[in-house]
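Chemist: missing the sequence, but the structure's below:
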């Protein structure tokens, strides 16, 4: 399955367009190995989804304990914001969400990443900050910048799906896989049961 084909499926899922998958969490795309990373893409992996955030946090912790590093990202390419979760050697380093939702602050965990600090300095903001004491103007400037930051963090720490090129080293084949959520929402055969490269 090509990345373009998978992108169409995941895009449809993410907007509730797939039969039997109303919230988009029933399927994910599992990429071939890309420059040493395997990407798992779909709403099921969203680190700022209130219903999934704890599960994604736990999963990244387990994966990083096994593989050294694991990350989860959300990026709304139409101005819907960004989120990142970074774990290493079984330890959460950072979770930060900036999607315009008033609940985002409750999901923040860990200390800012070096790339966050550097980006704030580029904006003329303090590298270390406390949202409770930061001025409204500085807070708004940071939130506006953070809305677009997830792809840059992904590229700096691993691989961003938005920056894949023909030169990206790929090993293996990408597939669409059903998540555990698929069995929760699906009561009869549907479009989710068909498709090339489907893993269950």
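Modeler: Received the coordinates, thanks. Quick caveat: nothing in here was measured; it's all calculated off a predicted structure. Numbers count the residues shown, from 1 in each chain.
Chemist: Now for this structure: which helix has the highest residue count?
Modeler: helix 53-67 (DSSP state H).
Chemist: Which secondary structure elements does that helix sit against?
Modeler: Judged by 3 or more C-beta pairs under 8 Å, 6 or more residues apart in numbering; DSSP states H and E, helix 53-67 is in contact with strand 69-76, strand 81-88, strand 91-98. C-beta coordinates here come from the backbone N, C-alpha and C atoms, glycine included.
Chemist: Would you mind finding the most buried of those?
Modeler: strand 81-88 (a mean of 24; mean count of other C-beta atoms under 10 Å).
Chemist: other SSEs contacting that one?
Modeler: Strand 81-88 sits against helix 53-67, strand 69-76, strand 91-98, helix 150-157, with contacts defined as 3+ C-beta pairs under 8 Å, 6+ apart.
Chemist: Can you add mean pLDDT and distance to residue 142 and give the ones you listed back as TSV?
Modeler: Output for the helices and strands packed on strand 81-88, formatted as TSV (pLDDT from 0 to 100; distance: least, C-beta to C-beta, whole Å):
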stretch	mean pLDDT	distance to residue 142
helix 53-67	95	21
strand 69-76	93	17
strand 91-98	96	8
helix 150-157	95	14
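Chemist: Now tabulate the ones you listed in a markdown table and tack on distance to residue 139.
Modeler: Formatted as a markdown table, those follow (distance: least, C-beta to C-beta, whole Å):
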| stretch | distance to residue 139 |
| --- | --- |
| helix 53-67 | 22 |
| strand 69-76 | 20 |
| strand 91-98 | 11 |
| helix 150-157 | 19 |
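Chemist: how about the strands in the chain?
Modeler: 27-34, 37-41, 69-76, 81-88, 91-98, 109-110, 170-171, 175-178, 198-199 (DSSP state E).
Chemist: can you list contacts of the fourth one?
Modeler: I take that to be strand 81-88. For strand 81-88, the external contacting residues (C-beta atoms under 8 Å, 6 or more residues apart in numbering) are 46-48, 56-57, 60-61, 63-64, 68-76, 92-101, 107, 110, 113, 146-151, 153-154, 157.
Chemist: That strand pairs with which strands?
Modeler: strand 69-76 (antiparallel), strand 91-98 (antiparallel) (DSSP bridges).
Chemist: sorry, back to before: for the strands of the chain, which one sits closest to residue 162?
Modeler: Smallest distance to residue 162 across the strands of the chain (C-beta to C-beta): 7.6 Å, for strand 69-76.
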